[in-house]
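Undergrad: what follows is a predicted structure for the sequence shown.
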Amino acid sequence: MKFVLGVVPYLNAKPLIVGLTDHSIVKIIFQPPSRLARSLEQDKVDAVILPVAEFFKHKNYRFIPGISISARGKGESVKLFFRGDISQLKKVYLDPDSLTSNILVRLILLKKYGLSRCPSGPVFQNRRISTLKDSNTGFVSIGDRTFKFQNKPYRSIDLAEEWFKWTGLSFVFALWVYKKGGKIGRRPAILQESKKIGLKHLQEISVKESRRLKLPQKFCLHYLTKCIKYDLGRSELAGLKKFKQLTQEMELLK
(Lines give C-alpha, C1' and ligand atoms only; values in the text may rest on other atoms or scores of the structure.)
Protein backbone atom coordinates (compact mmCIF):
# COMPACT_ATOMS: atom_id res chain seq x y z
CA MET A 1 0.00 0.00 0.00
CA LYS A 2 1.30 3.44 -0.96
CA PHE A 3 2.36 6.01 1.62
CA VAL A 4 0.47 9.07 0.33
CA LEU A 5 2.06 12.44 1.06
CA GLY A 6 0.66 15.92 0.50
CA VAL A 7 3.21 18.60 -0.39
CA VAL A 8 3.09 22.31 -1.18
CA PRO A 9 4.21 23.00 -4.78
CA TYR A 10 6.82 25.54 -3.71
CA LEU A 11 10.59 25.79 -4.00
CA ASN A 12 11.01 25.67 -0.22
CA ALA A 13 9.55 22.14 -0.03
CA LYS A 14 11.77 20.57 -2.69
CA PRO A 15 14.70 19.66 -0.38
CA LEU A 16 12.29 17.67 1.81
CA ILE A 17 10.98 15.50 -1.03
CA VAL A 18 13.90 15.02 -3.41
CA GLY A 19 14.66 11.70 -1.71
CA LEU A 20 11.04 10.55 -2.08
CA THR A 21 10.32 11.03 -5.77
CA ASP A 22 11.58 7.59 -6.81
CA HIS A 23 10.63 5.76 -3.62
CA SER A 24 8.60 2.65 -4.42
CA ILE A 25 6.07 3.00 -1.61
CA VAL A 26 5.56 6.78 -1.79
CA LYS A 27 2.95 8.71 -3.73
CA ILE A 28 3.20 12.52 -3.67
CA ILE A 29 0.25 14.86 -4.21
CA PHE A 30 0.97 18.56 -4.75
CA GLN A 31 -1.61 21.01 -3.40
CA PRO A 32 -1.69 24.56 -1.98
CA PRO A 33 -1.58 24.78 1.83
CA SER A 34 -5.31 25.22 2.42
CA ARG A 35 -6.18 22.14 0.33
CA LEU A 36 -3.52 20.06 2.07
CA ALA A 37 -5.23 20.83 5.37
CA ARG A 38 -8.54 19.52 4.00
CA SER A 39 -6.88 16.45 2.47
CA LEU A 40 -5.44 15.39 5.82
CA GLU A 41 -8.69 16.11 7.62
CA GLN A 42 -10.55 13.94 5.08
CA ASP A 43 -7.97 11.10 5.27
CA LYS A 44 -7.00 11.47 1.62
CA VAL A 45 -3.31 11.55 2.57
CA ASP A 46 -1.22 9.94 5.30
CA ALA A 47 1.00 12.92 6.06
CA VAL A 48 1.33 16.46 4.74
CA ILE A 49 3.64 19.43 4.90
CA LEU A 50 1.10 21.42 6.90
CA PRO A 51 1.12 25.13 7.84
CA VAL A 52 1.47 25.36 11.59
CA ALA A 53 -1.78 27.26 12.22
CA GLU A 54 -3.70 24.33 10.75
CA PHE A 55 -1.73 22.01 13.03
CA PHE A 56 -2.77 24.05 16.09
CA LYS A 57 -6.46 23.48 15.28
CA HIS A 58 -6.36 19.69 15.72
CA LYS A 59 -5.57 17.96 19.01
CA ASN A 60 -5.17 14.59 17.27
CA TYR A 61 -2.43 15.79 14.92
CA ARG A 62 1.23 14.95 15.49
CA PHE A 63 4.40 16.20 13.78
CA ILE A 64 7.56 14.44 12.63
CA PRO A 65 10.49 15.43 14.89
CA GLY A 66 13.47 17.29 13.51
CA ILE A 67 11.92 18.65 10.29
CA SER A 68 10.37 22.01 9.48
CA ILE A 69 10.14 24.72 6.87
CA SER A 70 11.21 27.73 8.85
CA ALA A 71 13.28 30.92 8.83
CA ARG A 72 15.49 32.67 11.35
CA GLY A 73 15.38 36.16 9.95
CA LYS A 74 14.64 36.97 6.32
CA GLY A 75 12.61 34.23 4.64
CA GLU A 76 12.02 35.94 1.24
CA SER A 77 8.81 34.11 0.30
CA VAL A 78 6.19 35.40 2.74
CA LYS A 79 5.79 39.16 2.46
CA LEU A 80 3.41 42.04 2.83
CA PHE A 81 3.49 44.40 -0.16
CA PHE A 82 2.24 48.01 -0.02
CA ARG A 83 2.93 51.44 -1.56
CA GLY A 84 2.74 54.08 1.14
CA ASP A 85 3.49 54.23 4.85
CA ILE A 86 2.77 51.00 6.68
CA SER A 87 1.16 52.96 9.51
CA GLN A 88 -1.44 54.29 7.05
CA LEU A 89 -2.69 50.92 5.81
CA LYS A 90 -6.49 50.81 5.71
CA LYS A 91 -7.02 47.46 3.98
CA VAL A 92 -4.86 44.34 3.79
CA TYR A 93 -5.75 41.53 1.39
CA LEU A 94 -4.87 38.11 2.79
CA ASP A 95 -3.92 34.97 0.91
CA PRO A 96 -6.76 32.41 0.95
CA ASP A 97 -4.20 29.60 0.72
CA SER A 98 -2.36 30.34 3.96
CA LEU A 99 -3.96 30.70 7.38
CA THR A 100 -0.51 30.79 9.00
CA SER A 101 0.75 33.75 6.97
CA ASN A 102 -2.54 35.58 7.42
CA ILE A 103 -2.30 35.22 11.18
CA LEU A 104 1.34 36.27 11.12
CA VAL A 105 0.66 39.49 9.22
CA ARG A 106 -2.12 40.35 11.69
CA LEU A 107 0.24 39.83 14.62
CA ILE A 108 3.00 41.90 13.01
CA LEU A 109 0.73 44.80 12.08
CA LEU A 110 -1.48 44.84 15.16
CA LYS A 111 1.03 43.93 17.87
CA LYS A 112 4.49 44.88 16.56
CA TYR A 113 3.47 48.00 14.64
CA GLY A 114 0.64 48.86 17.01
CA LEU A 115 -2.00 49.37 14.32
CA SER A 116 -4.64 47.90 16.65
CA ARG A 117 -4.47 51.25 18.44
CA CYS A 118 -5.46 53.06 15.24
CA PRO A 119 -9.24 53.65 15.24
CA SER A 120 -9.45 53.56 11.44
CA GLY A 121 -7.92 50.22 10.58
CA PRO A 122 -6.62 48.19 9.00
CA VAL A 123 -9.40 45.96 7.64
CA PHE A 124 -8.32 42.45 6.62
CA GLN A 125 -10.00 40.78 3.65
CA ASN A 126 -9.46 37.18 2.61
CA ARG A 127 -8.98 37.68 -1.14
CA ARG A 128 -5.86 37.40 -3.30
CA ILE A 129 -4.79 40.39 -5.35
CA SER A 130 -1.53 41.13 -7.20
CA THR A 131 -1.69 44.86 -7.98
CA LEU A 132 -1.83 47.92 -5.77
CA LYS A 133 -3.73 50.99 -6.91
CA ASP A 134 -3.50 53.17 -3.81
CA SER A 135 -1.14 53.86 -0.95
CA ASN A 136 -3.48 52.63 1.79
CA THR A 137 -3.77 49.03 0.58
CA GLY A 138 -1.46 46.04 1.04
CA PHE A 139 -1.50 42.37 0.21
CA VAL A 140 0.12 39.21 1.53
CA SER A 141 1.95 36.93 -0.86
CA ILE A 142 3.33 33.46 -0.10
CA GLY A 143 5.45 30.87 -1.82
CA ASP A 144 6.99 31.08 -5.27
CA ARG A 145 4.66 33.80 -6.55
CA THR A 146 6.23 36.22 -4.06
CA PHE A 147 9.43 36.22 -6.10
CA LYS A 148 7.71 37.86 -9.11
CA PHE A 149 6.97 40.99 -7.08
CA GLN A 150 10.63 41.65 -6.25
CA ASN A 151 11.03 44.08 -9.14
CA LYS A 152 7.64 45.78 -8.77
CA PRO A 153 7.54 49.38 -7.52
CA TYR A 154 6.18 48.25 -4.16
CA ARG A 155 7.46 48.52 -0.64
CA SER A 156 7.47 45.33 1.42
CA ILE A 157 8.20 43.75 4.75
CA ASP A 158 9.42 40.19 5.12
CA LEU A 159 7.13 38.65 7.73
CA ALA A 160 9.64 36.08 9.03
CA GLU A 161 12.25 38.83 9.41
CA GLU A 162 9.75 41.04 11.25
CA TRP A 163 8.90 38.12 13.56
CA PHE A 164 12.58 37.55 14.33
CA LYS A 165 13.21 41.24 15.07
CA TRP A 166 10.17 41.26 17.35
CA THR A 167 10.64 38.00 19.23
CA GLY A 168 14.25 36.93 18.62
CA LEU A 169 12.91 33.52 17.59
CA SER A 170 12.72 31.46 14.43
CA PHE A 171 9.41 31.33 12.63
CA VAL A 172 8.11 27.91 11.64
CA PHE A 173 5.90 27.97 8.56
CA ALA A 174 5.16 24.26 8.18
CA LEU A 175 5.75 20.79 9.60
CA TRP A 176 5.36 17.22 8.41
CA VAL A 177 2.06 16.34 10.11
CA TYR A 178 -0.03 13.18 10.43
CA LYS A 179 -3.06 12.06 12.38
CA LYS A 180 -2.59 10.22 15.64
CA GLY A 181 -3.40 6.57 14.98
CA GLY A 182 -2.86 6.95 11.24
CA LYS A 183 -0.83 4.52 9.14
CA ILE A 184 2.46 6.27 9.80
CA GLY A 185 4.26 3.34 11.48
CA ARG A 186 8.01 3.60 11.03
CA ARG A 187 7.68 5.82 7.99
CA PRO A 188 8.94 9.01 9.69
CA ALA A 189 12.41 7.58 9.04
CA ILE A 190 11.72 7.84 5.29
CA LEU A 191 10.92 11.53 5.63
CA GLN A 192 13.93 12.23 7.82
CA GLU A 193 16.22 10.43 5.38
CA SER A 194 14.76 12.39 2.47
CA LYS A 195 15.57 15.63 4.28
CA LYS A 196 19.19 14.53 4.69
CA ILE A 197 19.40 13.71 0.99
CA GLY A 198 17.86 17.05 0.03
CA LEU A 199 20.27 19.08 2.14
CA LYS A 200 23.16 17.36 0.38
CA HIS A 201 21.78 18.28 -3.05
CA LEU A 202 20.75 21.92 -2.69
CA GLN A 203 23.01 22.96 -5.57
CA GLU A 204 21.32 20.53 -7.97
CA ILE A 205 17.86 21.47 -6.70
CA SER A 206 18.58 25.17 -7.22
CA VAL A 207 19.66 24.57 -10.82
CA LYS A 208 16.51 22.61 -11.68
CA GLU A 209 14.19 25.00 -9.85
CA SER A 210 15.75 28.09 -11.39
CA ARG A 211 14.69 26.76 -14.80
CA ARG A 212 11.17 26.02 -13.60
CA LEU A 213 10.71 29.41 -11.93
CA LYS A 214 12.74 31.39 -14.49
CA LEU A 215 14.83 32.84 -11.69
CA PRO A 216 18.61 33.19 -11.34
CA GLN A 217 20.15 29.99 -10.02
CA LYS A 218 22.21 32.06 -7.59
CA PHE A 219 19.01 33.46 -6.03
CA CYS A 220 17.46 29.98 -5.71
CA LEU A 221 20.58 28.64 -4.01
CA HIS A 222 20.74 31.62 -1.65
CA TYR A 223 17.08 31.10 -0.78
CA LEU A 224 17.54 27.40 -0.02
CA THR A 225 20.78 27.78 1.93
CA LYS A 226 20.53 31.16 3.67
CA CYS A 227 16.82 31.90 4.05
CA ILE A 228 14.89 28.69 4.58
CA LYS A 229 15.84 26.32 7.41
CA TYR A 230 14.79 22.69 7.63
CA ASP A 231 15.60 21.70 11.21
CA LEU A 232 13.23 21.72 14.17
CA GLY A 233 15.46 22.56 17.08
CA ARG A 234 15.24 24.66 20.23
CA SER A 235 14.76 28.02 18.51
CA GLU A 236 12.14 26.67 16.12
CA LEU A 237 10.19 24.96 18.90
CA ALA A 238 10.32 28.12 21.01
CA GLY A 239 9.09 30.16 18.04
CA LEU A 240 6.31 27.66 17.44
CA LYS A 241 5.21 27.91 21.08
CA LYS A 242 5.29 31.72 21.00
CA PHE A 243 3.27 31.87 17.77
CA LYS A 244 0.63 29.55 19.20
CA GLN A 245 0.44 31.61 22.41
CA LEU A 246 -0.06 34.91 20.55
CA THR A 247 -2.52 33.35 18.14
CA GLN A 248 -4.64 32.07 21.01
CA GLU A 249 -4.42 35.34 22.93
CA MET A 250 -5.80 37.26 19.94
CA GLU A 251 -8.30 34.51 19.05
CA LEU A 252 -7.08 34.31 15.45
CA LEU A 253 -7.56 30.57 14.90
CA LYS A 254 -10.80 30.51 12.96
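TA: That came through, no problem. Computed from a predicted structure; not experimentally measured. Numbers count the residues shown, from 1 in each chain.
Undergrad: show me the shaky parts of the stretch 51-200 of the chain.
TA: In the predicted model of the stretch 51-200 of the chain, residues 117-121, 185 satisfy pLDDT under 70.
Undergrad: now the helices for it?
TA: Under the criterion DSSP state H, counting those that start in this stretch, the stretch 51-200 of the chain contains helices at 52-56, 99-107, 159-167, 188-200.
Undergrad: now mean neighbour count too, for these, in TSV please.
TA: From N, CA and C alone the C-beta is placed, and that goes for glycine too. Supplementary listing: the helices of the stretch 51-200 of the chain in TSV, determined by neighbours: other C-beta atoms under 10 Å:
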stretch	mean neighbour count
helix 52-56	23
helix 99-107	24
helix 159-167	21
helix 188-200	17
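Undergrad: dump those to TSV, plus distance to Leu252.
TA: Formatted as TSV, these follow (distance: least, C-beta to C-beta, whole Å):
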stretch	distance to Leu252
helix 52-56	8
helix 99-107	5
helix 159-167	14
helix 188-200	29
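Undergrad: of those helices, which is nearest Glu249?
TA: Proximity to Glu249, assessed across those by C-beta to C-beta, is greatest for helix 99-107 (9.6 Å).
Undergrad: which outside residues touch that closest one?
TA: By C-beta atoms under 8 Å, 6 or more residues apart in numbering, the residues outside helix 99-107 that reach it are 33-34, 37, 51-54, 78, 80, 92, 94-95, 124, 126, 140, 142, 159, 163, 171, 173-174, 243, 246-247, 250, 252-253.
Undergrad: and stretch 195-212, by the same measure?
TA: Taking C-beta under 8 Å, 6+ apart as the rule, stretch 195-212 contacts 11, 14-19, 66-67, 215-217, 219-221, 223-225, 230.
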